[in-house]
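# Just the structure for this:
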Amino acid sequence: MKLIPVLLATLGLASTGHAVEPFRLAVKPGSLKWTLQERTARGWRTLLADAEVRANRPDGSPITFSRIAVATDGRAIILDSAEMRLKIVARWLAPSKLAGTAVILPEAYARHPGVALGSISLMASATLAPLGNAPTILQNGYQSSSRTGVTPLEPGMTVESWWVTALRGTPSSCVFGYLSSVNGLNSFSVERTERSIMLTDKSDLRRVTISTSATGTSLDALYIAWGESPSALLNQYAAAARGYIAALDGVAVSKKAIPAGWSTLYRSPAGITEDQVLTNADAARARFGAKDLRVIQVEDGYQVSAGDWDANARFPHGHHWLTTQLRAKGFKAGISLAPFAVSESSDVFREHADWLLKRSDGSLAKMGDTGSWGGATYSLDPALPAVRTWLVELFRKVTREWGYDFVKIDLLSYPLERDAVAAGSMPPVAAYRAALRAIRSGCGAKTYILGSGAPIGPSMGLVDALRIGPDGGGAWPDVLDTARNAAARQWMNGIRWQNDRGVVSLGEPLTPGQARASAALAALSGCPVMLNGDPGRLDDDRASLASAILPVTATNARIADLWAGAKEPASVWVLPKSISPAGITVAGLFNWTDAAKPITLNPLSLGVAAKAGRVHVWDVFNRAYLGDHKVVVEIPPTACRLLALTPNVGHPQIIGTDSHLTSGAKDIIGGTWVPKYRALKIQIRSTPGRAFHIAVSEPVGIVYRVVEATGATVARLPSEPGSVLLQVTPQKTAVRMVLRFQKG
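This is a model prediction of the structure:
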C-alpha cells in the first residue's frame, strides 16, 4: 500500500531488508501457524511460536483460510480464503537503532464486493519465549476508570489487557501493543500454564468492509518489543504509537500547558449553584491566587438535562455571565459535558430520536437512568453525519458563545458499548474518532479538551488530556485506586496526551497523613491538578499542602517498584535531579497499608549519585535532616514520607525546601557556594506572605554564622546536627539570600 512506506518511515523502519536481518518469519510445515524468530549470537531464538490467524465475519462465523505462505522477501505472511487475501507485513528496526522491535502490519484484500470483517486475531494462542519463574504483567483497563495495574502472572491465570500489555521476566521482558486503534477495539489475552505463556490478540472490528481495490484495507498495526526493562519498552512503544497515529491520521499530541484549578465535583449532593461556584472561586483566589491555579471547572449539576446543556435554574444568569465573572476574577472557565448522552426529557430526544443508537432488536440502547440528568439516558450515534454536525455546533456554542476555555468531555465510551448498533456503514471506532474531531472543530485549537470515561486506544491524538483513573472521591480507597492507575499508566503521560489522574482531595475524611500522601501523589505524577472540596474550609496545614503542589510539575516521576508484583500500588516514586537547579532527587515513599512499613533505599539505584558516596537526606514533610548515610525510613500506616536526596559535595549546599513538594524543582532558581567568602548564594521563587522552609548542610569544620536576605524575613529554627533550617517569609515573588559560614 502507498501508506505503508510513510508509516514505516515515521517509525524508523526500513522497507527493504538489512544485510543481516535481526528477525525472520517462518511457517510451521503442514499447518496454518507462523513463528517469529530473533537472531542472536548463538543462532535463531524463537520469540513467538505457533501463532494462528483467526478471522470472523460480523455475524461471528469464522473465515477459513486454506493456504499460508511466507512471501519471497521473507518479511510477510500471506493467507488465502475464498473471500479474501490477508497479508501480514513484518518490519523491524536494525539492532543498532532499537534492538528487539518488530511491527506487524495487516492488509486485507477482498475477492468480491461485500466482504466484511467482524474481528481478527493475528497471533492467536502464540507461545511466548520463556520469561522465568515469576513473571509479572501489566493489565491495562478498557477505559479511563477501568482498573489498571501490574500483577504476578501465576500458573493457571488468564489476564485480559486492553490496547497494550507488558510482561516482566527474567532475563528478558516484552511489550505487545497496538500502534493505532482506528479500526477496532483491541485487546490481549495472556494465559500462563504450568509449562508456557500463551498470548492471543483480538481486534474487535464490529463491521469493517474490506476493499476490493489493489490497495486493499489496512487494519490496526501491532508493535512487539523485547528487552530488559518493561518500563523502557513501554516508553518506546508510546513514542512509536504517537508517531504512527500522527502519520496515519494527521493528528498530533497536544503541547498545551498543564492546567491546575478547582473543580465542583462532589461539591453538593443537591447540585452545584452559581453562587457556590463564585464563592469558592473567591476562596480559591484568596488561598492560592490565580497565577498557578488558573481554572474553575463546573461539573455535573448545572445543566437542564443530558443533551440540553443550557444552564438550569440554579444558574439563573446563564453560562456567558458566569464565565465573564470568572474571567474578571483572573480565572479561566471550565465545564464538563457528556457529549453523547441524551436523556428522555431533552429536546434532542423529542426531536431527533433517530439520532440515537439502537439494540439489535431495534429498541433504543439505554445507557443509564439518572434523575439529575432527566431520566433514562441514551447515546447519540456518531456514525450519523447529522450528529457530528450537531456536535460541532454545540461546542462552538460552549466555547464561543458561553466562553469556556477548558472542556471536559465525559462518558465517551457510550457509543462503543458492545450491544449498541450504529446506523450507516461507518465502523464504530472510526465513527467515534470522527465525533471527537467534530468536537475539536467546534472548540477550536486553543480550547483545552480533557477526555474522560474514554476508551484508551481510540482516543489517542484527539484530546489534550485523558483521565487515566477514577474520578477520585475524597476517601482513602479512592486515593489508592487513583495511585494504582496513575503508576501503571505513567508511561503514557506527555507522550500520548497529558494524563489526568482525577480530582485532588486533601480535606476530611482523609487523615493528615493520608492528605500528605494525596498531595505527594499529585506533585510527583506530572498530571493536571484539579483541587476538590471547599477551599475556604481547608485548615492551614491542608491549605499549605495544596499551595505546595502549585504550580504543576510537568515531569513524570519514575516508578521504581512498579514491577515488584505487590498487591498494593507502587510505593516508590522518584523525581530525577535533572529537573532541579539544586541537583535534588525527590523520592515519594508511600505506605498504602494499615501497618507501619520500613523501606530501604539505595541512592545509587535511584540515580542520586554517579557512584557510591554519602547522600544528604532531608524529610520534606517533617522538615528533618536524616543525615548523609544509608536511607532507611519507617512509614506510618496509610501515609507517605517525602525525601529530598542530594549528593554530599563537602561544602554547604541546599538539601531541600517545602515551598513546593518537588523540594526545589519548581521553586529554587539557583544555589552557588563561593569558597572565597564562605558564602552560599540562594535564589528562590516565592509567593508573598506564604512562609516556607529551606534546609542547607553544615559540614564538620564549617559553622553557619548569619543570613542576609532580600525580599523576605528569615529566621533560623532548631535543626539536627549537620544542617541549618531557615523559615522564610517572603514579601516578593523572588527571594535572594546569602548564607555566611565560618571555620569552626
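# Who does Ala695 form a beta bridge with?
Gly656, Leu725 (DSSP bridges).
# Tell me, what's the model's pLDDT at it?
pLDDT for Ala695: 98.
# gap between it and Met84?
68 Å (Cβ to Cβ, to the nearest Å). The way it works is simple: take the backbone N, C-alpha and C, and place the C-beta from them, glycine included.
# what's the answer for Gln139, then?
Gln139 sits 33 Å away from Met84, going by Cβ to Cβ.
# all helices of the stretch 101-250 of the chain, in order?
230-249 (DSSP state H, counting those that start in this stretch).
# the strands in it, which residues?
101-110, 116-124, 126-128, 136-139, 149-152, 158-162, 164-168, 173-178, 185-192, 197-209, 217-218, 222-227 (DSSP state E, counting those that start in this stretch).
# now the angle between helix 230-249 and the last one, please.
Orientation check (axes from the mean of the first three to the mean of the last three Cα atoms, to 10 degrees): strand 222-227 against helix 230-249 gives 150 degrees.
# Which residues does strand 222-227 contact?
The contact list for strand 222-227, computed with Cβ atoms under 8 Å, 6 or more residues apart in numbering, reads 36, 38, 47-48, 98-104, 106, 122-123, 129, 172-179, 201, 233, 236-237, 240-241.
# Got a PyMOL select line for the buried ones in those?
Remark: buried members of these, expressed as a PyMOL selection using 16 or more other Cβ atoms under 10 Å:
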select buried, resi 36+38+47+48+98+100+101+102+103+104+106+122+123+129+172+173+174+175+176+177+178+179+201+233+236+237+240+241
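# show me the contacts for Thr733.
Per Cβ under 8 Å, 6+ apart, neighbours of Thr733: 685-688.
# Can you report phi and psi for it?
phi -80, psi -10 (degrees, to the nearest 10).
# circling back: so Ala695 and Met84 - more neighbours on which side?
Ala695 (27 against 22; other Cβ atoms under 10 Å).
# thought the more buried one was touching Gln727?
No - with contacts counted by Cβ atoms under 8 Å, Ala695 stays clear of Gln727, the gap being 10.7 Å.
# Give me the distance from the helix or strand containing Asp275 to the chain's centre.
Following DSSP states H and E, one finds Asp275 within helix 274-288. Relative to its chain's centre, helix 274-288 lies at 29 Å (Cα atoms, centre = their mean, to the nearest Å).
# mind saving the C-alpha coords of that helix as CSV?
Output of helix 274-288 as CSV, limited to C-alpha atoms (Å, rounded to 0.1, in the frame of the first residue of the first chain):
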residue,chain,number,x,y,z
GLU,A,274,-24.0,29.7,40.6
ASP,A,275,-23.4,31.4,43.9
GLN,A,276,-21.3,28.4,45.2
VAL,A,277,-19.1,28.5,42.1
LEU,A,278,-18.3,32.1,42.6
THR,A,279,-17.9,31.9,46.4
ASN,A,280,-15.4,29.1,46.0
ALA,A,281,-13.6,30.9,43.2
ASP,A,282,-13.1,33.8,45.6
ALA,A,283,-11.9,31.4,48.3
ALA,A,284,-9.5,29.7,45.9
ARG,A,285,-8.1,33.1,44.8
ALA,A,286,-7.7,34.2,48.4
ARG,A,287,-6.0,31.0,49.4
PHE,A,288,-3.9,30.2,46.3
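# Quick check: buried residues in it?
Those would be 274, 276-277, 280-281, 283-285, 287-288, for helix 274-288 by 16+ other Cβ under 10 Å.
# Also stretch 618-635?
Buried residues in stretch 618-635 (16+ other Cβ under 10 Å): 618-621, 623, 625-628, 631, 633, 635.
# which two from the residues you listed end up farthest apart in space?
Asp628 and Ile635 (20.5 Å; Cβ to Cβ).
# all strands of the stretch 401-550 of the chain, in order?
Using DSSP E, counting those that start in this stretch, strands in the stretch 401-550 of the chain cover 406-409, 448-451, 465-467, 498-500, 504-505, 529-532.
# So which of the ones you listed is nearest Glu154?
Across the strands of the stretch 401-550 of the chain, closest to Glu154 is strand 498-500 (Cβ to Cβ), at 29.1 Å.
# Adjacent strands (with direction) for that closest one?
When DSSP bridges is applied, strand 498-500 pairs with strand 465-467 (parallel).
# List of residues touching the partner strand?
For strand 465-467, using Cβ under 8 Å, 6+ apart, the contacting residues are 144-145, 254, 448-454, 456, 459, 492, 496-502, 528.
# what does stretch 168-176 give?
47, 128-137, 150, 164-167, 188, 199, 201, 222-230, 233-234, 236-237, 563.
# how far does it sit from the chain's center?
For stretch 168-176 - counting by Cα atoms, centre = their mean - the centre lies 22 Å from the chain centre.
# Which stretches in the stretch 251-400 of the chain count as strands?
Taking DSSP E, counting those that start in this stretch as the criterion, the stretch 251-400 of the chain carries its strands at 260-263, 295-298, 303-305, 308-311, 332-337, 341-343, 366-370, 375-379.
# I'd like the average pLDDT over the fourth one.
Here the mean pLDDT over strand 308-311 is 96, rounded to a whole number.
# Export only the CA atoms of it, formatted as PDB.
Output of strand 308-311 as PDB, limited to C-alpha atoms (Å, rounded to 0.1, in the frame of the first residue of the first chain):
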ATOM      1  CA  ASP A 308     -29.600  20.000  26.800                       C
ATOM      2  CA  TRP A 309     -26.500  21.600  28.300                       C
ATOM      3  CA  ASP A 310     -28.000  25.100  28.900                       C
ATOM      4  CA  ALA A 311     -27.900  26.400  32.400                       C
END
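# Now do the buried residues in that strand.
For strand 308-311, by 16+ other Cβ under 10 Å, it's 308-309, 311.
# and if you look at the longest one?
Within strand 332-337, the residues that qualify as buried by neighbour count (16+ other Cβ under 10 Å) are 332-337.
# Pull the contacting residues for Ala517.
479, 590, 638-640.
# To which secondary structure element is the nearest residue to it once chain neighbours are set aside assigned?
Sequence neighbours aside, Cys640 is the residue nearest to Ala517 in space, at 4.1 Å (criterion: Cβ to Cβ, 6 or more residues apart in numbering). Following DSSP H and E, the helix or strand that holds Cys640 is strand 639-647.
# picking up where we left off before, I'd like to know which of the strands of the stretch 401-550 of the chain lies nearest to Trp262.
It's strand 529-532; of these, that one is closest to Trp262 (Cβ to Cβ) at 4.8 Å.
# quick one on the thing from earlier: can I get the buried residues of strand 308-311 in CSV with distance to Glu154?
Formatted as CSV, the buried residues of strand 308-311 follow (distance: Cβ to Cβ, whole Å):
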residue, distance to Glu154
Asp308, 50
Trp309, 48
Ala311, 53
